[in-house]
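A.B. asks: The following block contains a protein sequence and its predicted model.
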Amino acid sequence: MTLFPEMFPGSLGCSLAGKALADGLWRLETVDIRGFAGDKHRTVDDAPFGGGPGMVMRPDVLDRVITEAAGPGPVIYLSPRGRLLDQARVKTLAAGPGVSLLCGRYEGVDERAIEARGIEELSLGDFVLSGGEPAAIALIDACVRLLPGVIGDQATLAEESFEDGLLEYPHYTRPQVWEGRAVPEVLLSGHHDRIRQWRQEQREKATRERRPDLWERRLASQGAEPGPKNG
Ligand code: 4FN
């Protein structure tokens, strides 16, 4: 549900997701919110009560589009005020019957439309977008790649980062020396146990240094005390 239906499927029409769409492994229905306006000028927004800049999407229009166009599964409003989307939620959504995504424009939507229907709010992160559409496309991408048959190599899926809450180890390919930088020796050694061990150490180091939030969460989920010793 969007005021810019021409933004879909967008990048979802490319690559594996696009092939899977063409093959009927998943479906995308884009609904133009403007089609649910109540007047001849097709108004979907109005000035905010209390004043201030910009426009707000009207609750009556939003309720009509949700009631008439939402499919099976949850209705989600993509919003910077929402809970952060994570891979656990992605997995649950991908396993479900579908999802209906509401994309905001202007200053966003009238709060009552969200409240009245108990709509879930999810955010992709802390940055400014001009609309919810790029966030919707990212959420769909994250879900679609988990659908059976979309990614041929199931090992790629299982081995991936976030299966165990750790970042990925650093990757290297040819040339073996590039701009004076050599590939780590261990990767050329042919000692598969040592390679496995090195990669695991690299994953833990990267997670600790770059994403202390993920590192703490992992320790917590393993029942460890957060603090200097495990930090
Ligand atoms: N964004 C911030 C603070 C205030 C406003 C915004 C903002 C699009 C309709 C929402 C943005 C980012 C991640 C949807 C941002 C997302 C959006 C998202 C989004 C137009 C109103 C708006 C403090 C986060 C920087 C514009 C912070 N994930 N407003 O971006 O829809 O899903």
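C.D. replies: Nice, I can see it.

A.B. asks: Tell me the confidence at R112?
C.D. replies: Note for R112: predicted pLDDT of 98.

A.B. asks: wait, what's in contact with it?
C.D. replies: Residues near R112 by Cβ atoms under 8 Å, 6 or more residues apart in numbering: P59. All C-beta spots, glycine's among them, are computed from the backbone N, C-alpha and C.

A.B. asks: now it: how far from the ligand?
C.D. replies: Distance, R112 to the ligand, by Cβ to the nearest ligand atom, to the nearest Å: 16 Å.

A.B. asks: check which helix or strand covers that residue.
C.D. replies: Applying DSSP states H and E as the criterion places R112 in helix 111-116.

A.B. asks: Just the buried residues of that helix, please?
C.D. replies: Buried positions in helix 111-116, judged by neighbour count with 16 or more other Cβ atoms under 10 Å: A113, I114.

A.B. asks: Which other helices and strands does the longest helix along the chain contact?
C.D. replies: Using DSSP state H to define each element, the chain has its longest helix at helix 192-210. For helix 192-210, the elements it packs on are helix 212-221, judged by 3 or more Cβ pairs under 8 Å, 6 or more residues apart in numbering; DSSP states H and E.

A.B. asks: burial of V31, as a residue count?
C.D. replies: Here the number of neighbours of V31 (other Cβ atoms under 10 Å) works out to 20.

A.B. asks: For it, which non-adjacent residue is spatially closest?
C.D. replies: Excluding the flanking residues, the one nearest V31 by Cβ to Cβ, 6 or more residues apart in numbering is A69, at 4.3 Å.

A.B. asks: how about the one you found, what does it touch?
C.D. replies: M1, E29, V31, F36, S100.

A.B. asks: For ChimeraX, what selects the buried ones among these?
C.D. replies: Under the burial definition 16+ other Cβ under 10 Å, those of the contacts of A69 that qualify are selected in ChimeraX by:
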select :1,31,36,100
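
A.B. asks: would you list every one of the helices in the protein?
C.D. replies: Using DSSP H, the helices of the chain run over 15-22, 59-69, 87-95, 111-116, 133-144, 154-159, 192-210, 212-221.

A.B. asks: ok so, going back, pull the helix holding R112 out as CSV, backbone CA atoms only.
C.D. replies: Extracted C-alpha coordinates of helix 111-116, given in CSV (Å, rounded to 0.1, in the frame of the first residue of the first chain):
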residue,chain,number,x,y,z
GLU,A,111,-1.7,8.0,14.7
ARG,A,112,-5.3,6.8,15.1
ALA,A,113,-5.2,4.6,12.0
ILE,A,114,-2.3,2.7,13.5
GLU,A,115,-3.8,2.5,17.0
ALA,A,116,-7.3,1.6,16.0
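
A.B. asks: centre of the chain versus it, how much separation?
C.D. replies: Centroid displacement of helix 111-116 relative to its chain, using Cα atoms, centre = their mean, to the nearest Å, is 23 Å.

A.B. asks: same deal with stretch 20-37?
C.D. replies: On Cα atoms, centre = their mean, the centre of stretch 20-37 falls 18 Å from that of its chain.

A.B. asks: Okay, buried residues for that stretch please.
C.D. replies: A20, L21, W26, T30, V31, D32, I33, F36, A37.
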